[in-house]
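>>> This is a predicted model, with the sequence first.
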Amino acid sequence: MKIFQSATTPPVKPLMLQPYRLQGSIRSFSKRAFLSQKFLTPNEVVSKAKQEQLENQQFQSQLRQDQLPYIPRTFSSHTTFQENNKRPIPLNVELLQYKPLRLSQTHGDEVATLTLRGYNDDDLIRMGEFALRAAYYLGIPMSKLASLKTEKRLYTVIKSPFAQAKTKQNFHRTTYNKQLIAYDANPEVVDLWLSYVNKYKLQTVDMKATVVAREGLNYNEEVANLDDFEFPQAYEGLEDPVAQKVKELLQSDEFKKTL
């Protein structure tokens, strides 16, 4: 290691550090590695950005070379075309530029409530609009994306690891809440809607669904007088091991006692 020094300055002792071994490779932290870092000039930064843009354009052009020609057979009155390749834009894709459509209520019976929680308000709006669009295509009347009370909490902790430290640090946490209400839909359609939304949900959004079930006034009497459980006819003759296991559980005595 070479140490550059002048005649007026005192001699500098060399910086010696032990090598650090990580996953079979040797890393040495020394002053030479720090001095060897090269900072780009403005002209070099501009040339590097132009080179990356040129490579990106070449990559996109290669992707478009092997595309098959699109020749649609029929068009509708609301069909819009793209400017570059004259392809029609699907209606559901074009509707993404507008607010989600909602169906009108027929009876006003509430069947499900979907609550969204998260720390980012934009993610909640994006997830709520996705749920509204999915409900529209499934034929479920929905309410607007309503904002609930925002939760704000302040945490004060000691900044130093010592118990006698006087310096403290504050942390703010803001939790946003949104709500959607579904009306006038069959339980099967509601289950399909909730499963689809849960499959493609964002990791930063927490969802909780409350499903409303309606039964007759003599529901308890019907359950008490129920002696035998019949397996649905749609599952008869299936070789699925899961369906056979469900049938075995429904016909067992332990399941009847538990119910």
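The structure has been received and is ready for your questions.
>>> pLDDT below threshold where in the protein?
Within the chain, the segments meeting pLDDT under 70 span 1-38, 64, 66-87, 226-238, 259.
>>> all helices in it, in order from the N-terminus.
31-35, 42-65, 91-94, 121-137, 187-199, 219-224, 241-250, 253-258 (DSSP state H).
>>> most neighbours per residue, which of the ones you listed?
helix 121-137 (a mean of 18; mean count of other CB atoms under 10 Å). Just so you know, the C-beta spots here come from the backbone N, C-alpha and C atoms, and that holds for glycine as well.
>>> Please save the CA atoms from it in CSV.
This file holds the C-alpha atoms of helix 121-137, laid out as CSV (Å, rounded to 0.1, in the frame of the first residue of the first chain):
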residue,chain,number,x,y,z
ASP,A,121,-53.7,5.7,1.0
ASP,A,122,-52.9,5.2,-2.7
ASP,A,123,-52.7,1.5,-2.4
LEU,A,124,-56.1,1.4,-0.7
ILE,A,125,-57.7,3.4,-3.5
ARG,A,126,-56.1,1.1,-6.1
MET,A,127,-57.2,-2.0,-4.4
GLY,A,128,-60.7,-0.6,-3.8
GLU,A,129,-61.2,0.3,-7.4
PHE,A,130,-60.0,-3.2,-8.4
ALA,A,131,-62.7,-4.7,-6.1
LEU,A,132,-65.3,-2.4,-7.6
ARG,A,133,-64.4,-3.3,-11.2
ALA,A,134,-64.5,-7.1,-10.4
ALA,A,135,-67.9,-6.7,-8.7
TYR,A,136,-69.3,-4.8,-11.7
TYR,A,137,-68.3,-7.6,-14.2
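>>> Next, the angle helix 187-199 makes with it.
Taking axes from the mean of the first three to the mean of the last three CA atoms, to 10 degrees, one finds helix 121-137 and helix 187-199 inclined to each other by 150 degrees.
>>> Can you give the distance of helix 121-137 from its chain's centre?
11 Å (CA atoms, centre = their mean, to the nearest Å).
>>> What helices and strands are in contact with that helix?
strand 110-118, strand 168-183, helix 187-199, strand 205-211 (3 or more CB pairs under 8 Å, 6 or more residues apart in numbering; DSSP states H and E).
>>> and these, which is most packed in?
Mean neighbour counts for those (mean count of other CB under 10 Å) peak at strand 110-118, with a mean of 19.
>>> Just the residues contacting that one, thanks.
With CB atoms under 8 Å, 6 or more residues apart in numbering as the contact definition, strand 110-118 has outside contacts at 124, 127-128, 131, 148, 175-185, 187, 190, 193-194, 197, 202, 204-212.
>>> any idea what sits nearest Asn120, other than its immediate chain neighbours?
Excluding its sequence neighbours, the residue lying closest to Asn120 (CB to CB, 6 or more residues apart in numbering) is Thr204, at 5.8 Å.
>>> Relative to Asn177, how far out is that neighbour?
Applying CB to CB, to the nearest Å, the value for Thr204 to Asn177 is 14 Å.
>>> Leu63 now?
42 Å.
>>> partners of the closest residue to Met127 other than its chain neighbours in the sheet?
Excluding its sequence neighbours, the residue lying closest to Met127 (CB to CB, 6+ apart) is Val205, at 4.7 Å. Taking DSSP bridges as the rule, Val205 bridges to Gly118.
>>> The chain should start at 208 in everything you say after this.
All right, first residue 208 from here; so that's Val412.
>>> mind listing what Val412 touches?
Leu323, Arg324, Gly325, Asp330, Leu331, Met334.
>>> right, and the last one touches Lys408 too?
So that's Met334. Yes. Contact criterion CB atoms under 8 Å: Met334 and Lys408 qualify, at 6.4 Å.
>>> Format the helices of the chain as JSON lines; extra columns: distance to Phe369.
As requested, the helices of the chain are exported to JSON lines (distance: least, CB to CB, whole Å):
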{"stretch": "helix 238-242", "distance to Phe369": "32"}
{"stretch": "helix 249-272", "distance to Phe369": "45"}
{"stretch": "helix 298-301", "distance to Phe369": "59"}
{"stretch": "helix 328-344", "distance to Phe369": "38"}
{"stretch": "helix 394-406", "distance to Phe369": "46"}
{"stretch": "helix 426-431", "distance to Phe369": "63"}
{"stretch": "helix 448-457", "distance to Phe369": "58"}
{"stretch": "helix 460-465", "distance to Phe369": "56"}
